[in-house]
Structures are given as structure tokens and as C-alpha cells.
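Enquirer: Have a look at this prediction, sequence included:
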Amino acid sequence: MALIKPEIYAPIVTEKFKGKVVVEQLATDLGVLTGNVGDTVSFPTFKRIGDAVEMAKGDEIGVEELTQAESKATIKQVAKGVRIFDIDDLTALGNFIENGAMQQAKVFSRKIDEDLIAECDKTTLKVATANGTSITANELNLGLVAFGDEQDTEDMSGIVINSMLSASFYSMPEFVDSQKTYNGQNGNGIVVNGLIGHFRGIPVFVSDKGTLDSTLSECKTYIIKKNALGKMYKRGINIELERKASLKATDLYGDVIYAVKLLDEEGVVVLRKTIA
């Protein structure tokens, strides 16, 4: 008799997944995927219309067709299995079911975050930093300047940094000084689910998936606007159980099917030392 029930285990993995994703939570959910793994799916990205035109009496207002740009992503399936022996689950120290769920959730969340960061790298907005392993408040401000006059805090989804840059933030008066008008008592420096605080009111998250160029030893920082990234899921995390009676063990196979896409090439700014 199996000691583990998938209907109990699956929600545990899903709940832990939600607590581990960082960049994924900054992406807009665009509904349920249709299609099969390996197929391409279209994401809705609208082309921007031109500027308003001054008119005089009797002029007819020009009409510009609202169109969508071609934006496709490949549907992916990622999976990971865990084997739990009955004897370990019953007698070993620690909770094997809890730990298995945590580790499966972590590898799923890291893979999806990594794919979203790869999409962020496609942005047209890039700002050079002086150092590959540190960042300054002025450089972050220059990153925001890349958005032009569209820098409203309410339009920003978040800033994502590599963990190596957290020390830079903790030494920034602009980040830790509660006397600054844009800081206040906001708990900056206290890490909760990857959130280390706020910079100019924008949430700052730490994620090491895809945020380090190991070849150049450079950290990459991302300022992400709302609706700049999109995500679609075929379904939630699926867990299937296979009982290995001869081994007195249970194999738990988990998988998730999804697609992610950069929806706005001017909705993300990348800050790094080397700009290609």
C-alpha cells in the first residue's frame, strides 16, 4: 500500500512553488495554454500607435489601425522525479514528503524564472554599470531614466538582482535610510520570499537564476514594468505516483507545462557592465 497520496502531495508542491518563484510572480498570467509541448503559442503584444496630431477646424482625424505584432513562444514541459523509501519516511529524521515537495517545487520555480530572465535579456533597453559585481543608486536611477518620462512607481512590477548585489543595496543610503522620503519604515533589508525591500517604492527581489553571466563574471539587474512579461500554463503542477512494491518505495513524478514571453521590448531595462 502506498504511503503517499498524490492528491495530498501535489498541493504541497504547488504551495511551495508559489513561495519559491521570483520573476514568475512579476509576469502577467494570460490564461490557459492550448497546444502540445513543442508547439508555438502566440502571445498578445500590441504595436504602439503614433503620437497625437494637432488639428484645425474642419480637419478629419486620422485613423491608425491597432495591430498586434507576431510574438510566439515554445510550449515547454519540465519534470523531476523523487523516490521515497517507506523505511525512511517512517523512521528517518526529518520529513521526507515535505522535503521532496520542497525540492521539486524549487527546481520547477528556478527553471521558469531562468526562462523568464532569458526573455528579459531580449529587451532593447540596456544600461552599462561601472562594476560587474556591484551597483549604485545612481546607476539604478539611470536605468529608470531609460523609460523616459514613463517612470511611475505604480507601473513598475519589480527590480530583480543577483544575490551578489544585495550588499550594494544594504550599503545604499537611498535604500536603507528611513529618513529618505521614498523609504520610510518599509523594512528594507528584511528578506521575505526573495523580497529584500523597495527602491524608490519599487520592490527589489533576489534571484540567482540567469542573473549572472558566468563567462564575464558579471551580475545582471533587471527593472521590469507591469505587463512586460507574460506566462501561460497548461495546467497546474501535475504529480503522478508509481508504487515500487518490490523496493518498498514510492516514486513521485512531477511536471509542469508552460510558455513565457517578453511582451514589451521597452518594458524591461537590463543593467550590467558589458553591453552587447
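Expert: Thanks, I have the structure now.
Enquirer: Help me confirm that Ile87 is found in a helix?
Expert: Yes - counting by DSSP: H, G, I helix; E, B strand; the rest coil, Ile87 is found in a helix.
Enquirer: Now it: closest residue in space that isn't a chain neighbour?
Expert: Lys248 (6.8 Å; CB to CB, 6 or more residues apart in numbering). (Glycine included, C-beta is placed from N, CA and C.)
Enquirer: which stretches of the stretch 51-200 of the chain have low pLDDT?
Expert: 92-94, 178-187, 189 (pLDDT under 70).
Enquirer: can you pull out the strands in it?
Expert: 68-69, 72-74, 76-85, 125-128, 156-161, 195-199 (DSSP state E, counting those that start in this stretch).
Enquirer: Ok, which of those strands comes nearest Thr211?
Expert: Taking CB to CB, strand 156-161 is the member of the strands of the stretch 51-200 of the chain nearest to Thr211, at 6.6 Å.
Enquirer: Who does the closest one pair with, and is each partner parallel or antiparallel?
Expert: In the sheet, strand 156-161 lines up against strand 202-206 (parallel), strand 221-225 (antiparallel) (DSSP bridges).
Enquirer: Would you map out the domains in this structure?
Expert: With domains defined by automatic domain parsing, the chain comprises 6-47+68-119+229-259, 126-228+266-272.
Enquirer: hey, which of the strands paired with strand 156-161 is tucked in deepest?
Expert: With neighbours defined as mean count of other CB atoms under 10 Å, these peak in mean count at strand 221-225, which reaches a mean of 26.
Enquirer: Send over stretch 262-270 as PDB, restricted to the C-alpha atoms.
Expert: The C-alpha trace of stretch 262-270 is given here as PDB (Å, rounded to 0.1, in the frame of the first residue of the first chain):
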ATOM      1  CA  LEU A 262       8.700  39.200 -23.300                       C
ATOM      2  CA  LEU A 263       5.600  41.100 -24.300                       C
ATOM      3  CA  ASP A 264       7.100  44.600 -24.400                       C
ATOM      4  CA  GLU A 265      10.700  45.100 -25.700                       C
ATOM      5  CA  GLU A 266      10.700  48.500 -24.000                       C
ATOM      6  CA  GLY A 267       9.200  47.200 -20.700                       C
ATOM      7  CA  VAL A 268      12.400  45.900 -19.200                       C
ATOM      8  CA  VAL A 269      15.800  47.600 -18.500                       C
ATOM      9  CA  VAL A 270      18.900  45.500 -18.100                       C
END
